[in-house]
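J.: Show me how the following folds:
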Amino acid sequence: MSTTPFFALMALPLTMVVIAGEIDLSFPSVMALGTAAYAYTLAYTGDLTLAFFACALAGILAGVTNGGIVAGLGIPSLVATIGTQFFWRGVVLVGTGGNGVSLVPTRGTVFYSMMVGRLEGLIPAQMLWTVFMAIVVAFLLNRHRFGAHVYLIGDNIESARLMGVNVRQRKMLLFVLMGIAAAFAGLVASLEVTYFWPTLGDGYLLTTIASVFLGGTSVFGGTGTILGTFVACFIIGAINAGIVAIGLTGFWTQLIYGLIIVLSVTLQTALSRKLA
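T.: Below is the predicted model:
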């Protein structure tokens, strides 16, 4: 329960991106970018609030960059976010010299308790943040005009334009939300350790994407639910725990998650063709 939220925090907003017919593959690097911004700001200022906002701003910057390239220039999101994934990872590696950065200890502070503490000594705070994220994203998708626009864009982008939907603005907001979520997830994943490593996020790409597609979100856009992704995140977490429990090496996780993605997408495609 304490590790699943790290990728669930990103899988939930990524679901909206995929429903809109796009993809974001840069989020593992944005995790590192946001945490690097937090680590350096806290080290130089000693101000936790300022460091938190620096992390959020890094996520916003990454989101605006992705949104500008995809929505503004019309570059396919698959190509664009592969490029920004390497770019932001390069920024972090150059900034740190490829070395780990010592994190200023925050254990014992209110900030630490809010981010990664335990409610009643049992429920991890990161789990509560995941539930909060699910509620916010579900509200946007199912109870707000923004969500209706997201579904419409993913189902038929030309119809969305004819109905007056500002497609560029909506896609920009989706990528910004994804950037903020990735930076936040990186921060949460780092607070319980003493060092930040520039490779942070490398292991979350497959689990996050697998959760989205296992949850029923269509790779073609226009279809998907937050509840499906939320449940799928914990299925993926249980699979990961099971692999460790039976003594298999970590290499098996890549094989299994890859298989989950392929089977999920194949099954969705077969069902959509049958229903068409």
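J.: Return the residues in contact with Pro5.
T.: Going by CB atoms under 8 Å, 6 or more residues apart in numbering, Pro5 touches Pro124, Gln126, Met127, Trp129, Thr130, Ala185, Val188. Quick note: C-beta positions are derived from backbone N, CA and C, even for glycine.
J.: Next, count neighbours for the third one.
T.: A count of nearby residues for Met127, using other CB atoms under 10 Å, gives 17.
J.: Contacts for the host helix or strand of it next, please.
T.: In the assignment (DSSP states H and E), Met127 maps to helix 125-142. Helix 125-142 has contacts (CB under 8 Å, 6+ apart) with 1-2, 4-6, 8-9, 12-13, 15-16, 19, 113-119, 146-147, 150-151, 181, 184, 188, 225-227, 230, 233.
J.: What segments of the stretch 1-150 of the chain are helices?
T.: All helices of the stretch 1-150 of the chain, identified by DSSP state H, counting those that start in this stretch, fall at 4-19, 27-45, 48-67, 77-96, 110-116, 125-142, 145-155.
J.: May I see those arranged in CSV, with distance to Gln254 and mean pLDDT as well?
T.: Output for the helices of the stretch 1-150 of the chain, formatted as CSV (distance: least, CB to CB, whole Å; pLDDT from 0 to 100):
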stretch, distance to Gln254, mean pLDDT
helix 4-19, 14, 96
helix 27-45, 14, 96
helix 48-67, 25, 97
helix 77-96, 17, 97
helix 110-116, 27, 91
helix 125-142, 23, 95
helix 145-155, 28, 96
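J.: Quick check: which of the ones you listed is buried the most?
T.: helix 4-19 (a mean of 28; mean count of other CB atoms under 10 Å).
J.: May I have stretch 89-109 as PDB, with CA atoms only?
T.: Taking C-alpha atoms only, stretch 89-109 is exported to PDB below (Å, rounded to 0.1, in the frame of the first residue of the first chain):
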ATOM      1  CA  ARG A  89      16.600  13.400 -17.800                       C
ATOM      2  CA  GLY A  90      19.600  15.000 -19.400                       C
ATOM      3  CA  VAL A  91      18.900  18.300 -17.600                       C
ATOM      4  CA  VAL A  92      18.900  16.400 -14.200                       C
ATOM      5  CA  LEU A  93      22.000  14.400 -15.000                       C
ATOM      6  CA  VAL A  94      23.900  17.500 -16.100                       C
ATOM      7  CA  GLY A  95      22.700  19.500 -13.100                       C
ATOM      8  CA  THR A  96      23.800  16.800 -10.600                       C
ATOM      9  CA  GLY A  97      26.900  15.700 -12.500                       C
ATOM     10  CA  GLY A  98      25.300  12.200 -12.500                       C
ATOM     11  CA  ASN A  99      25.700  12.000  -8.800                       C
ATOM     12  CA  GLY A 100      23.300  11.600  -5.900                       C
ATOM     13  CA  VAL A 101      22.200  14.600  -4.000                       C
ATOM     14  CA  SER A 102      21.900  14.600  -0.200                       C
ATOM     15  CA  LEU A 103      18.400  15.500   0.900                       C
ATOM     16  CA  VAL A 104      17.900  17.800   3.800                       C
ATOM     17  CA  PRO A 105      16.200  15.700   6.500                       C
ATOM     18  CA  THR A 106      12.500  16.600   7.000                       C
ATOM     19  CA  ARG A 107      11.500  13.700   9.300                       C
ATOM     20  CA  GLY A 108       9.600  15.000  12.300                       C
ATOM     21  CA  THR A 109       8.200  18.000  10.500                       C
END
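J.: now it, how far from the chain's geometric center?
T.: Put simply, stretch 89-109 sits 20 Å off its chain's centre (CA atoms, centre = their mean, to the nearest Å).
J.: what's the answer for stretch 204-215, then?
T.: Centroid displacement of stretch 204-215 relative to its chain, using CA atoms, centre = their mean, is 10 Å.
J.: Just the C-alphas of it, formatted as CSV.
T.: The C-alpha coordinates for stretch 204-215 follow below in CSV (Å, rounded to 0.1, in the frame of the first residue of the first chain):
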residue,chain,number,x,y,z
TYR,A,204,7.8,3.6,-13.1
LEU,A,205,7.1,3.7,-16.8
LEU,A,206,5.8,0.2,-17.3
THR,A,207,3.8,0.0,-14.1
THR,A,208,2.1,3.3,-14.8
ILE,A,209,1.2,2.6,-18.4
ALA,A,210,0.1,-1.0,-17.6
SER,A,211,-2.2,0.3,-14.9
VAL,A,212,-3.9,2.7,-17.4
PHE,A,213,-4.5,0.0,-20.1
LEU,A,214,-5.4,-2.8,-17.6
GLY,A,215,-8.0,-0.4,-16.2
